[in-house]
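J.: Starting from these lines, generate the structure:
(chains A, B, C, D and E, ligands or ions: 5)
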Amino acid sequence: MERHLTAPGVRIRGLTVVYNTPSGELPAVSGVDLTLAPGTITGVVGESGSGKSTLALSMLNAVQPPGRISAGSVEIDGLGDVVRLRGEELRRTRGRKVGYVFQAAQNSLNPLKTIGAQLLDLGRSHDVGDLRALVRDARELLGRMGMDGARVLDSRQHELSGGMRQRVGIMFALVLDARVVVLDEPTTALDMITQATILRIIREVHDERALTTLVITHDVGAVAEVADDLAVMYGGRVVEHGPVAEVLGAPEHPYTRGLIRAIPRLSGDLGLARALPGRPPTLGTLPAAGCVFRERCESSLDLCRTAEPVPAARAGRTVACHLPGPHAVPVKRKEYA
Amino acid sequence: MTVTALPGAAGRSRRATLRRNFWRGVWRVLRRKPSRMAGVAICALFAVMGVAGPLLYPAHLPRDDDALYAPPSLSHPFGTDFEGTDVLALVVTGSRYVLLTGLATAVITVALGTAVGLFAGFRRGWQDTLLMRLTDLNLAIPGLPLLLVLSTVWKFESPLEMGLVLGLLGWGGIARAVRSQTLSLRERGFIEAARGLGLPTTHIIGRELLPSMAPYIAMNMLIAVTGAVYAQVGLFFLGVLPFEANNWGVMLNLAVFSGGALTTPAALPYLLAPLLAILLLTLGIVLVVDAMDEIFNPRLREE
Amino acid sequence: MTRATANRAGALARRVAGHVARGLVMIWLVATISFVIIREIPGDPVLAMYESMLQKGMSPDQAERATAVLYGFLPKGSLWEQYTGYMGSLLHFDLGRSLSTPGVEVTSLIGSAASWTVLPVLAGTLLSFLLGVTMGVYAAVRRSGRLGDLLALSGSLLHGVPVYVIGLLLTAIFATLWPILPSGGPVDVEFTPGLNAGYLGSLVRHAVLPVVTYTLASYGGWILAMKSNVVTVLGDDFILAAELRGLRRGIVFRYLARNAILPLFTILALSIGMLFGGSIFIEEIFNYPGLGLLLVNSISSRDYALMGGTFLVITIGIVVANIVADLLYSVIDPRVRSGGTA
Amino acid sequence: MITGTAITKTFRQRGGVLGHREVPALRGVDFAIERGGAVCFIGESGCGKTTLGRIIAGLETCDSGEIVIDGTPMSGLSPRRRRPYFRRVQMIHQDPYSALNPTRTIHQTLRAPLALRARQTGRPKPWIDARAEELLALVGIDPGYVLPRYPHQLSGGMRQRVVIARALTMDPEALVADEAVSMIDVSLRLGILALLRRLREQLGVGVLFITHDIATARYIGDESELYVLYRGQVVEHGPTETVINEPVHPYTQSLLSATPVLHGLERPGPDRIVPTEALDERHGDAGCLFARRCPLATERCERDRPVLGHDPAYPTTQRHACFHPRRRQVIPLAAGA
Amino acid sequence: GGAAATDAGAEVDVYTTIDGTKQINASAPINPFNPVGSVFTGYNGMALAWARNHPTDPNRFYPALARSWTQSPDGAQVDIHLQPEARWSDGKPVTSEDVRVSIGLAYTQGGTAYALDPKAAGAAADVRVLDAKTIRVTQGANRSAAFLANLLSTVVVPAHVYGALLPRGFWDTLKVAQHDRGPAGERAKAVITGLADKVIAFSPEQDVSAGPFVLERVNPGAALLRRNPYFYNSRAIGPDKVKVLNYTGNEQIWNYLISGQLDNAPFTSVPAAVMERIRGARGSQVITGYSPVATSLAFNQSHKPYDNVHVRRALAYLIDREQVTRIAAPEGGTPAATTSGIHAKAARAWLGDGFAELEPYRLDPAKAAAELRAAGMKLRDGRWTMPDGSPWKVEIHVPASFSDWVSAAKSISSGLGDHGIDATVLTAADYSLYLSELAKGEYDLGFWLIGLGPSPYNIFQRLFGQANGWQMFGGRLTHVPPGTGGNWMGGPRTVEVAGEGLVDPGELTSRLNYVSPGEQRRIVGVLARIANEQLPAVQLWDYVNTQFVNTSRYTGFPPDDSEMLRLSSGVWMQLGMIRKRQP
Ligand SMILES: Nc1ncnc2c1ncn2[C@@H]1O[C@H](COP(=O)(O)OP(=O)(O)OP(=O)(O)O)[C@@H](O)[C@H]1O
Ligand SMILES: Nc1ncnc2c1ncn2[C@@H]1O[C@H](COP(=O)(O)OP(=O)(O)OP(=O)(O)O)[C@@H](O)[C@H]1O
Ligand SMILES: [Mg+2]
Ligand SMILES: [Mg+2]
Ligand code: NI
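T.: Residues are numbered from 1 along each chain as shown, chains lettered A, B, ... in the order given. Ligands and ions are numbered 1, 2, ... in the order given. This next block holds a predicted model:
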């Protein structure tokens, strides 16, 4: 099969997703701008409740009620604005154009059907003419990920280990040759060694198939291992976005800085490590105006209380903070928004 | 670290606040759907009927010798029975026995079922196996047929006895469900933690396990009330229970078998009145059960 | 692979054996309990038969002639002797001879009654199952809408209302106020039994009210159970995952339905077993000659053998249904079928 | 203060009427913890960490072996007599969501054990409420805010602190913290770890820390010891820093190598060994338990099982169970270095 | 179903009825010896003759298989002459041998006429076939006035079907059983009674009937009979088929009647409202006649205070029998004129003017109060108490399954309540239980059937028989104390009767069996007075034989008070009455 070796780019603009709660509609993602450069892996990190999964679901226009996308667009090269898609068109996009690996891939398979049967369902749903070829592809992909494809296709969910299920999830996302892949917490609940393997597979498959990949996780370490770019979310906003090494090596946003400092690490000075003070915000406790992070920020300004910082390019990345950055170098290599 | 000794009153007032908040939460849950209010109103109506109903009428209900099976009228909204007694009065005064039995049965069923289920689930081991076999047996014995057989041996002379027998027959389902709930709750950290802290078993069962199962138990209790009312009215209807002057089931029985309610419309009101009472009671309880989960769940109660 | 299959079959066989063993113990226990209870029931069947014949206007001599012979059918010997005799003949599937239908084997009475019970029970249960399951899915999918609410409420109400209320109301409506259906009996006698239109038509016409009553009485339970199952499955990740893979709605729906129905099949098996005993009210109201009515009549005529036999058969129905439900569960749910810890 | 010798535990799983399946969870584990000391157990999922923790906390009994608390061997005592000893060892559960009864306020949750404690020690009633506030303050949360609330109204971090406070009501001498931070947001993990360290230092409470994330083990404080468990066996033991920096056993090395590298802050260690994924564990119990996954395994490893012991080549504080011991530098190094 | 019935009836004439004596049981054999067998008296079940419904004389019959009979003047010997044309439905003639086999089979079942015990009153001692159509039966030593009646009610079955049931040498064995006093006799008795099961269980493949109909098919809901072309009076039979519907409760019969499905329904109790609807049905007619049964409220005289005759009388004065009957049996009963132990119609015939002299016990609170005071009962705050001041609660027991009795009991208790006596109704789960508890003496007051005519012995044996302590053992009368041997009424063994002195009512009753008609009349008079004065029971209402017929398809039903009314419509047809209505 001949592959087009140009990966599509993805541009999220002004995306706002609200959830309908007893206290009104509250934004879980508000005004997010994010550009996924073609052929890169972008990692999104953030604490629980920061809106990562919501963002990921928006990429397929699949926010579940009581949530809805209230504003913004998700432009994917060759597809247009996913948020506008409806009905059949939307269904065909899912799986075929945009692959999604579920947060809890552990449970993302129908417990009653074999993987093979579910694969055929997938093929039929997307009018794949040659189902044999589909099965062959799937077997190949599974083999590529270090499994016995034939056996896996014959198995049901409960006969597979966590790591295997996760790989089956990845297979489902890729087997129809989707070029944009979204992985939501692909390694949560897996142990260290399995996690390492999955991360390696993600990286390799991404490179082989020329994908544009979004990896969502709360584990900075996992992202750092695979991603090219890193977006840090807090309270429904992307507060910092840039090349992974730079964001980690020289965090600009105080939240990023605090987050990195809070990661337990195998080496380095124990004394420097410190937990972020305060509690992670939830929909209800997010401040209505000003910077969402200001209550936990060690260097918040008066300005932070009234004005919400606008994401701005600085030091080779985009940062949403009122604090002046150390070196204001314009974005060079890629576009970060 | 500051240590402030709190006066004992603080604890008490804290508890009072808790209670107040609880009732406020209940109110909020009920207000969320008007149907729930209706349910509570219906249940309250029946409760009042059971408590005060018989007081509204003389001990011997008046009879009108010339109005046997009279059709519905203003003075007799549901007509009269074979003796010329007002049917509505019969339904109202009959509610006490029916509801009392229902309540007695429900209490016994739930208490027994919960106790067995809790014990089995909490103790595990051979006691569990034994109790579960017993439960299986209880479930395998067909209840209604056995009741029919028993009714020839046992004189159900008081609502309590009635409740006891119905309760003894019906605890199996609850026991099994409570056991599985207990088993799953046991796996929850907080029960294990309580055991690790060395808290007494009474505390663990009474304060930790039971409250967590409260909505479930309360729901079962209500359902058991209806179940008992039905079983009992049904047995009276079949005519195997001792005669009670005013009793819904006896009314059904007499309406069908001596009034010919299913044959001519004349005695139909006499049949329909208790049927409607049962329907209404069911409706009320169904509507209240609907709110039960939210009432007992602090999270749902508050929002 | 073959080894695994063999292992699996072995595990299943062991499971079946275990269930059957436990079921047998249960049946023995129930048989013993019912034996003791039934033998302890006071009441003189012969006297009762005599007196009721008098009341029907028979002359005392005639009545005496008709009942005198029944004394020979009364159980004799000590309780223990009766018990061992009873258990012994149980082993030969011999339930003794009926007293109220003298000279007739209890097994044959039960056999013919069972066939009348099975017909409407099966029809009613299956009908209510289908109806309840469909409506349950609908109520779950539309659970925030008015219609869904209404469906669920109707389910709770019907589930809660006792079966005799339904039966009495239906009879009052369709046999009394607006008499379009026969109010009782199993079939008209004019028609030669067999596969002819008249007989079958009559069979169906007589079965309508009982079956509808069964259906309405159990429909509520199904709709509630199905609704809650569907809501649970809807919350499961694999449904969302299937949607996110772009599966056709029909396929997603099938995933949903299959997973939600699965646990219901075991309840279905159980409820079919239970209904044999629970049919008393319906059979009483509609004069349907099934097991329930047989039991009631055997009790009032103190037909010990028949009473014990019917009771036992009803219990066996439940025990067997339990076993079937358990096995069914392990057969249709692959998670249990493999027998492992998964 | 607490020592365990040769602790074994085998679970029997019922498989039908006759068949039993035996799952060896622990195969002769020795450990010792001093007053105010810290012991960490690490290992993959299913290696027996939780089982060990529960045995130490008295929630489970071992098949053989001996737990000695304050010089009293537990095996000789009746369950009733054992209880006061085990009360000195309190367990902190992994999941702060299920560890608190959702129907009880924090005040109620703390009151019950405190009332018991008051009865045991003959303290007056007012002490109970005072002590509750004191303990909450000790774990770093505001008693006034927390006491009247239900668990669902608190964040994960707060809940875990409440759980710790509850464990402290019994004035324990040791805490068993089973994955106590793995369900807590990354940004807050260090806070809990720091709290445990502070409890060690201030109250002299020993901490048995169970984790699958070796990095967190470092943060439990100085002088902690690390036990690496593999399939119910300790394969390496030594001071935490030593084991992390100079692991000897290939399994330890695999675990450490699997830890993601924070690119930009760190670079991989030179000797990382590629971890092989978990095989079906039902296979072979002969020889070294790790042999099938070990890239270095030889014939001998398949045959004999190495025992945990000192190796003259390494400091006396470090023990391992391997026929091919070799120190490797696998942990990430600082990026700048 | 009604519609289906009329559809099918379009081609053949189907006569629809129900059997009042038993429920249809499709599993039961087609065998008249089986109490629930699918043999319907008068249709496919034939006796030698059919008893007339006479108030006083049990020996009046309509001929059936016996065309005529002659009894010797002393009543010891009866010659029976069979219908010369009688044939079985397979064409074989009905012969004396058939009758002999039937009598032989009857011996295995036990009964009055065919008792193995030769000392039993009215037992047949010898059966002799005189010719193919004549048979002679001789009564044993203990003569009974009921002998002829019992003999003529013998059910006749075909010898070629049932004959094999009697083993070879049966009649010799019977002789031994009847006459040998030693072990051989006992053995022979055992052999004969041992046949009972086999006889009852005997199940012919198909019906062989000498009646006007023969069974075609039976299912749980109904039995279908078709005409027997060989019936001796076949020309008289109108319908082609007879459908006997099953019923489990009266309410079903009501439904059948209202929808006009039944051409005839025998005695059925009916509430007033239903009766109105039935009368409203097209062609529907109600025939009433004499039914020798009455309902009473009987006392347990071994329980206080019912041992006191004043208390019993007081209660009798307080029961408004008119009202009770109106509530419980508005169509099926007439309020008892007094308590005589006899149905009013028979009582008038037996007692003549004496009937009017009996105390009628009309509702009279004042007399009741006087009687209660005479019994030492006390009135406190408007409620009567026991002489010692302890509360008095009248507990009326009824079986729950008889709704008319339940309503009556309720009405009585309400009425007593109105007059200061606390009364409750207690039900027993079913009739079996009721009877056994009653017999054990557990009840104070219970409902009890009395007045079973027409034989005077049967009438009074209900009041002064086993239930009151008098038992017949091997032809000897004994008396057992209350609480034993089924003596629950607990009355005194002897009573003072004005003009008679001290009499033993049980002994008097047993004498009714064999004394001359004149003596019978005298004894009945005495016993009626005892029943009226001593009040072992309060007679509540006398049943009326209410029959329903529908004349839209058939005509020629018997009129009110016909002596045929207790016989099935099959007998009416045999007697040539029922005719198809001409369009
Ligand atoms: N169905 C819902 N109804 C109401 N609020 C919701 C719903 N789903 C999510 N939210 C809220 O939206 C916010 C974002 O949720 P989201 O699941 O996107 O977070 P996340 O970053 O993926 O968190 P996690 O790391 O826990 O998966 C949270 O505050 C959450 O409480
Ligand atoms: N109650 C039990 N019954 C049967 N087997 C058990 C039981 N508890 C644990 N096991 C088994 O014992 C082994 C060790 O389990 P344990 O929970 O101690 O592992 P763990 O190291 O804590 O794993 P995780 O990291 O997943 O928490 C596992 O194979 C597990 O399946
Ligand atoms: Mg998420
Ligand atoms: Mg664990
Ligand atoms: Ni139910």
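J.: Averaged over its residues, which helix or strand of chain A has the lowest pLDDT?
T.: strand A:312-314 (a mean of 83; mean pLDDT, DSSP states H and E).
J.: Show the subsequent helix or strand relative to that one.
T.: Using DSSP states H and E, the helix or strand that follows strand A:312-314 in sequence is strand A:317-319.
J.: returning to that earlier point: sheet-wise, list the partners of the least confident helix or strand of chain A with their directions.
T.: strand A:317-319 (antiparallel) (DSSP bridges).
J.: How far does the partner strand sit from its chain's centre?
T.: 18 Å (Cα atoms, centre = their mean, to the nearest Å).
J.: and if you look at stretch A:142-155?
T.: Put simply, stretch A:142-155 sits 26 Å off its chain's centre (Cα atoms, centre = their mean).
J.: same check, this time on stretch E:81-100
T.: The answer for stretch E:81-100 is 29 Å, by Cα atoms, centre = their mean.
J.: Repeat that for stretch D:62-81.
T.: Distance, centroid of stretch D:62-81 to centroid of chain: 20 Å (Cα atoms, centre = their mean).
J.: What is the end-to-end distance of that stretch?
T.: 17 Å (Cα to Cα, to the nearest Å).
J.: neighbouring contacts of it?
T.: When contacts are defined by Cβ atoms under 8 Å, 6 or more residues apart in numbering or on different chains, stretch D:62-81 is touched by residues D:1-10, D:26, D:28-29, D:55-56, D:58, D:82, D:85-86, D:88-89, D:173. Every C-beta, even on glycine, is put in place using the N, C-alpha and C of the backbone.
J.: So B:I42 versus chain A, what's the distance?
T.: Counting by Cβ to the nearest Cβ, to the nearest Å, the gap from B:I42 to chain A is 27 Å.
J.: could you say what helices and strands the strand or helix carrying that residue packs with?
T.: Assigned by DSSP H and E, B:I42 belongs to helix B:34-56. Here helix B:34-56 touches helix B:8-32, helix B:87-123, helix B:268-296, going by 3 or more Cβ pairs under 8 Å, 6 or more residues apart in numbering or on different chains; DSSP states H and E.
J.: Only C-alpha atoms, please: export that helix in CSV.
T.: The C-alpha trace of helix B:34-56 is given here as CSV (Å, rounded to 0.1, in the frame of the first residue of the first chain):
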residue,chain,number,x,y,z
PRO,B,34,-42.9,17.2,41.4
SER,B,35,-43.7,13.6,41.1
ARG,B,36,-41.7,12.8,44.1
MET,B,37,-43.7,15.3,46.2
ALA,B,38,-46.8,13.6,45.0
GLY,B,39,-45.3,10.2,46.0
VAL,B,40,-44.5,11.5,49.5
ALA,B,41,-48.0,13.0,49.7
ILE,B,42,-49.6,9.7,48.8
CYS,B,43,-47.5,7.8,51.3
ALA,B,44,-48.3,10.4,54.0
LEU,B,45,-51.9,10.0,53.2
PHE,B,46,-51.8,6.3,53.7
ALA,B,47,-49.8,6.7,56.9
VAL,B,48,-52.4,9.1,58.2
MET,B,49,-55.1,6.7,57.1
GLY,B,50,-53.5,3.8,58.9
VAL,B,51,-53.0,5.8,62.1
ALA,B,52,-56.1,8.0,62.3
GLY,B,53,-58.5,6.3,59.8
PRO,B,54,-60.2,4.0,62.2
LEU,B,55,-60.7,6.9,64.6
LEU,B,56,-62.8,8.7,62.1
